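K.L.:
Sequence and predicted model, in that order:
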Amino acid sequence: MSEAIAVSRDDIIEQIKLLCQIPSIIEAIVSRRIIANAAKEAGITVELAELQQAADNFRLSNNLIRADDTWSWLHKQSLSLNEFEQLIYTTIISEKLARHLFADKVESVFFEQQLNYGGVVMYEVVLDDRDLALELFYALQEGEIGFCEVARQYIQDKELRRAGGYRGMLRRSELKPEISAAVFAATPPQMLKPIVTSKGTHLILVEEIVQPQLDDTLRLKILADLFTTWLKQQIEQVEIVKYLDPENLAANFESQVSNGLISDRL
């Protein structure tokens, strides 16, 4: 029988520190509090039915179909039922706050930045050897080899290789500027001359240029981007005081008492 290893709260905190994750976790905590305060000021609430529906959707998306599956997942995550409800509540209140703040700004942002929301359907192979990339480019131009064959021979990533280098539909903002400029100047279907970036030499087959349309998916993306930018601005405006170590806690407490921020009388 294997030896049991006890893991305490202090062990977990120490490991989080060693992984240098304290800043991101603190930012997440501050974000949650900013969202809660802003939602309260805006009079935004969450109905029980909304909470239940969101919880059901979460369970479905995480394949937690049976109650036993859910309880096992909660145990694995060290979450109580109340904490799980808080997780779902935060998700709902964030979405509602985002819509409250920016729903009426989405269309104007779309039209102002319409070029950035254009898309391209493309295939790509990235090579370390520029000369090889040129050789393959000319072979492709002459029809001596197909793009899928190039992908099978030179792509290391298994899934991308199986897909023949298919990258799907990418937004302009997802591409490096030097690649974006060439891609959106193409007349599909077109094989582009090799493009050199810091990542390597790119062989790109442009299949289709997709004109931007403000559909539900893009609307949600713009809304999320606006909300993320707003949240970062809010975080930058607050002073964050960390209480992680007992020594720091005592020092901060004494400092606040001496400055009159906390009464020394209990």
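P.N.:
Everything's here; your move.

K.L.:
shouldn't L226 be in contact with R99?
P.N.:
No. Here L226 lies out of contact with R99, judged by Cβ atoms under 8 Å, at a distance of 10.4 Å. Bear in mind the C-beta positions are built from the backbone N, C-alpha and C, glycine included.

K.L.:
Now do the contacts for T197.
P.N.:
176, 178-179 (Cβ atoms under 8 Å, 6 or more residues apart in numbering).

K.L.:
Please read the previous query as pertaining to P188.
P.N.:
Neighbours of P188 in contact, by Cβ under 8 Å, 6+ apart: 206-209.

K.L.:
Any of the residues you listed buried? List them.
P.N.:
206-207, 209 (16 or more other Cβ atoms under 10 Å).

K.L.:
before we move on, the earlier item: quickly check the contacts of P188 for the two that are furthest apart.
P.N.:
Spatial extent of the contacts of P188 (Cβ to Cβ) is set by the pair E207 and I209 at 9.0 Å.

K.L.:
Give me the buried subset of the contacts of T197.
P.N.:
I179.

K.L.:
nearest to E149, of the buried ones among the contacts of P188?
P.N.:
Distances from E149 to those, taken as Cβ to Cβ, are shortest for E207 (16.7 Å).

K.L.:
Please name the spatially closest residue to the closest one (chain neighbours excluded).
P.N.:
In this structure, E207 finds its nearest non-sequential neighbour in V121, 4.5 Å apart by Cβ to Cβ, 6 or more residues apart in numbering.

K.L.:
so how far is Y154 from that neighbour?
P.N.:
Taking Cβ to Cβ, to the nearest Å as the measure, V121 and Y154 are separated by 21 Å.

K.L.:
ok, now E207?
P.N.:
Per Cβ to Cβ, E207 is found 19 Å from Y154.

K.L.:
Kindly report the same for I35.
P.N.:
Look at I35 and Y154: by Cβ to Cβ, they are 46 Å apart.

K.L.:
And T229, by the same measure?
P.N.:
Using Cβ to Cβ, T229 is found at 39 Å from Y154.

K.L.:
if you go through the stretch 101-250 of the chain in chain order, where are the helices?
P.N.:
Assigned by DSSP state H, counting those that start in this stretch, the helices in the stretch 101-250 of the chain fall at 106-112, 130-141, 147-154, 158-162, 177-183, 216-236, 246-258.
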